[in-house]
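**Q** one predicted model, sequence on top.
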Amino acid sequence: MVENIRQSRKALQESEKQYRTLVESLEEGIASFDENENFTFINPAACNIFGYSKAELLQMNFKEILTPEDHQKMLQQTAMRRIGKSSEYDINIIMKNGDIRILAIRISPIFEKGEYKGSFGIFRDITIQKQAEDELKKKTDQIISNQKELEKLYGEAEHSRKSLLSILEDVTEKEKDLRESEGKYRLLAENTLDCIWKMDKDLKFTYINQSIFPMLGFTREEWAGSTLTEHCSKKELQHFMNIVEDELRKEESYSAMFELNLFHKNGSEIPLEILGKILLDENKQVIGFQGNARDVTDRKQAEKIQKTLYDISNALNTTDNMHLLCQKVREFLGNVIDTKNFYIALYDEKTDVISLPFEVDEKDKYESFPAGKTLTKYVIRLEKPLFAPRKLQDELTEQGKIEVIGTPSEIWLGAPLKVENSVIGVIAVQSYDDPNLYTEKDIEILTFISEEIALAIKHKQAEEQTKRDLKEKELLLREIHHRVKNNLQVISGLLQLQENEITTKEDALKGFAASQDRILAMAKAYELLLGSEYMSEVKVGKYIESLAGQLKRNYDIHHKVKISYYFDELTINIEILDRLGLILNEIITNSIKYAFEGRDSGNINIELTDKKDSIVLVISDNGVGIPEDINIYNPDTLGLSLVDMLTKQLWGNIEIRQEKWDKLYTGNTERE
């Protein structure tokens with residue numbers, strides 16, 4: 001009977017030792033709590049994280065080491081576990097030395113016969129992103145001490161039959177404790193969210209917990225008896241062996257953190273972050289390997305996105321051409337999502353037209369299209385990204401919210417290009433044949449990088465506009481000398497003509513005033529030109545109002561003349577405006593000075609009509625009319641002679657109507 005007890009005890013010790021070794025050798029903190037959040041178990045790594053000894057923590061409540069701000073969070077998470085829900089969250093702790101650390105926690109509930117008994121969790125210090133393994137703590141001698149005590153008791157049993165029953169009772173109690181300890185370590189190892197594994201020297205898995213199966217898609221039965229060789233490529237296997245060789249060259253530790261890609265059941269490769277240790281016997285011969293692993297797919301994807309953003313930002317600073325910039329954006333974005341069918345659209349709010357500065361598409365080719373109710377316009381209007389499978393597109397079409405143009409796609413993703421609070425366009429990808437090509441995560445990626453792309457496009461647009469403006473200004477500067485020279489010649493000619501009209505001192509004074517007005521009319525054109533959007537054309541209406549207003553201030557000293565304007569919206573070249581300004585100056589000046597003599601008030605109307613291939617200018621007033629002795633078609637005064645000459649230079653003609661309102665037409669003036 002004693003021998004049976006000894007064998008049973010030995011088996012339990014070996015099982016308990018295996019799970020204890022796995023749990024206590026992990027580099028991440030593991031702890032369990034009762035239903036009131038009191039510590040009931042703590043592994044050495046967790047003691048290091050919290051800064052307390054095991055003995056101290058086993059006398060403490062989890063709440064005692066939290067910052068006051070996180071007490072409520074702990075209560076909320078405890079409530080979640082009481083209804084059977086595991087959770088992952090970050091929390092702040094206060095170490096024994098007063099330092100505050102941020103921990104990432106994965107914690108799961110423990111139930112017995114349907115009743116909540118507490119929880120267990122894994123803790124990782126993310127304050128300094130610990131990358132290396134802490135040295136393993138010395139294993140407890142508790143079990144060995146118990147074993148020696150039992151052997152001593154068994155030896156003493158030979159001397160006394162009477163004491164045998166007492167010894168058996170003691171052994172039975174210790175077996176019970178051992179079973180409970182073994183069960184506790186097994187529970188922790190099997191239910192941690194990270195994968196815990198162990199291999200022999202031939203790379204055959206001798207233990208692996210259940211976390212690996214959802215990671216890689218296998219069942220426990222499919223995994224049983226397999227080796228690392230079956231779960232990775234030759235390249236990855238060689239990578240693993242190289243790490244082993246490097247670690248064996250060291251004199252101590254023999255542990256490392258590294259990445260290894262293992263096969264998913266569907267054939268894809270899953271990147272895992274491994275924290276592993278080489279197991280040696282007393283002669284420092286390799287007898288196996290053990291450690292833990294976690295899926296880092298999300299982290300790797302985040303790194304790709306970060307690199308994509310860096311590449312796009314770098315392209316912004318090194319690429320001058322807009323088309324080449326868009327091409328690089330597509331290339332870089334293609335590292336994280338499929339860009340076989342890709343376009344960047346820019347929206348012109350004035351024309352409600354969408355242009356495509358860059359498009360790569362298997363089916364359709366557009367340079368621009370009316371915004372209308374397209375998917376692109378829909379995203380611009382919503383100012384939000386859109387994940388649009390075919391079913392959603394059909395629903396939006398039936399509701400009248402969109403109208404599909406071109407070839408319908410099986411799935412369409414679009415994100416607005418926003419600069420500050422304004423949407424300037426859309427970046428989109430689509431597939432015509434694979435409805436599962438994209439996921440909701442892809443729209444998050446597209447949205448994430450769209451702001452950087454929008455800024456890049458806006459920057460390039462501003463840069464190219466600046467270059468266009470500079471080029472136009474350079475052309476204008478080259479013409480200034482020519483224009484100034486010509487205008488000075490015109491002024492000189494006008495002064496010479498005026499000189500011929502001077503016979504008295506009064507004529508001279510009037511002549512200088514008239515010449516001043518003519519020069520002012522020319523100067524007004526250049527004054528407005530400087531504020532013009534295009535630097536070579538001026539809005540005619542604005543010019544006429546400015547010139548007429550100045551002449552009214554000069555000559556209507558009694559404020560009896562009212563000037564009304566009726567203009568079509570048009571701009572003309574500065575060369576035409578020079579001559580037109582002189583014509584306006586002569587007619588408006590004469591009308592203000594002479595049309596309303598002997599009257600208390602008067603009205604002048606100025607109309608400008610755009611006939612597409614010509615401009616019609618009508619100046620009329622309700623004054624005394626043009627004297628009958630003046631022949632407008634063969635004038636003998638300088639002012640009207642100038643009007644006639646300049647109209648002919650503009651390929652125009654003059655018409656006079658003596659009606660209720662005397663009208664002087666200068667029409668058929670060719671715009672070019």
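**A** That came through fine. Please read these numbers as outputs of a predicted model, since none were measured by experiment.
**Q** next, count neighbours for Glu245.
**A** Using other C-beta atoms under 10 Å, Glu245 has 9 neighbouring residues. Just so you know, the C-beta spots here come from the backbone N, C-alpha and C atoms, and that holds for glycine as well.
**Q** now swap in the one 10 residues further on and tell me
**A** Here the number of neighbours of Ser255 (other C-beta under 10 Å) works out to 21.
**Q** now do the one 3 residues further on
**A** As a burial measure, the neighbour count of Phe258 was computed by other C-beta under 10 Å and equals 15.
**Q** contacting residues for Glu37?
**A** Shown in contact with Glu37 (C-beta atoms under 8 Å, 6 or more residues apart in numbering): 61-63, 74, 78.
**Q** hmm, which of the residues you listed are the buried ones?
**A** The neighbour-count test (16 or more other C-beta atoms under 10 Å) applied to the contacts of Glu37 identifies 62, 74, 78 as buried.
**Q** could you dump those residues to JSON lines with pLDDT, distance to Tyr310 and secondary structure?
**A** As requested, the buried ones among the contacts of Glu37 are exported to JSON lines (pLDDT from 0 to 100; distance: C-beta to C-beta, whole Å; DSSP: H, G, I helix; E, B strand; the rest coil):
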{"residue": "Phe62", "pLDDT": "86", "distance to Tyr310": "41", "secondary structure": "helix"}
{"residue": "Met74", "pLDDT": "83", "distance to Tyr310": "39", "secondary structure": "helix"}
{"residue": "Thr78", "pLDDT": "84", "distance to Tyr310": "42", "secondary structure": "helix"}
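**Q** which one of the residues you listed sits closest to Lys612?
**A** Met74 (77.9 Å; C-beta to C-beta).
**Q** pretty sure the closest one contacts Asn92?
**A** No. Met74 is beyond contact range of Asn92, at 10.7 Å (criterion: C-beta atoms under 8 Å).
**Q** what about the helices in the stretch 351-500 of the chain?
**A** 375-382, 390-398, 440-501 (DSSP state H, counting those that start in this stretch).
**Q** shared neighbours of Met74 and Asn92, which are they?
**A** Jointly contacting Met74 and Asn92 under the rule C-beta under 8 Å, 6+ apart are Leu66.
**Q** my guess is Ala595 meets Pro627, correct?
**A** No. In this structure Ala595 lies outside contact range of Pro627 using C-beta under 8 Å: 10.9 Å.
**Q** looking at these two, which has the bigger crowd around it?
**A** Neighbours per residue (other C-beta under 10 Å) separate Ala595 from Pro627, with Ala595 holding more: 19 against 7.
**Q** show me the contacts for that one.
**A** The contact partners of Ala595, taken as C-beta under 8 Å, 6+ apart, are 602, 604, 621, 623-625, 662.
**Q** could I get the pLDDT score of it?
**A** You'll see Ala595 listed with a pLDDT of 84.
**Q** how about Phe218?
**A** pLDDT, Phe218: 93.
**Q** tell me how many other residues crowd the closest residue to it other than its chain neighbours.
**A** Distances taken as C-beta to C-beta, 6 or more residues apart in numbering place Lys265 nearest to Phe218, at 5.5 Å, with adjacent residues excluded. Using other C-beta under 10 Å, Lys265 has 11 neighbouring residues.
**Q** measure Lys265 to Lys377 for me?
**A** 44 Å (C-beta to C-beta, to the nearest Å).
**Q** do the same with Lys441
**A** To Lys377, Lys441 is 25 Å away according to C-beta to C-beta.
**Q** list buried residues within the contacts of Ala595.
**A** The neighbour count (16+ other C-beta under 10 Å) marks 602, 604, 621, 623, 662 as buried among the contacts of Ala595.
**Q** closest to Thr67 out of those?
**A** Each of the buried ones among the contacts of Ala595 was scored against Thr67 by C-beta to C-beta, and Ile604 proved nearest at 81.5 Å.
**Q** would you mind listing the buried residues in the strand or helix carrying the closest one?
**A** For Ile604, the host element (DSSP states H and E) is strand 602-610. Under the neighbour-count criterion of 16+ other C-beta under 10 Å, strand 602-610 has 602, 604-608 buried.
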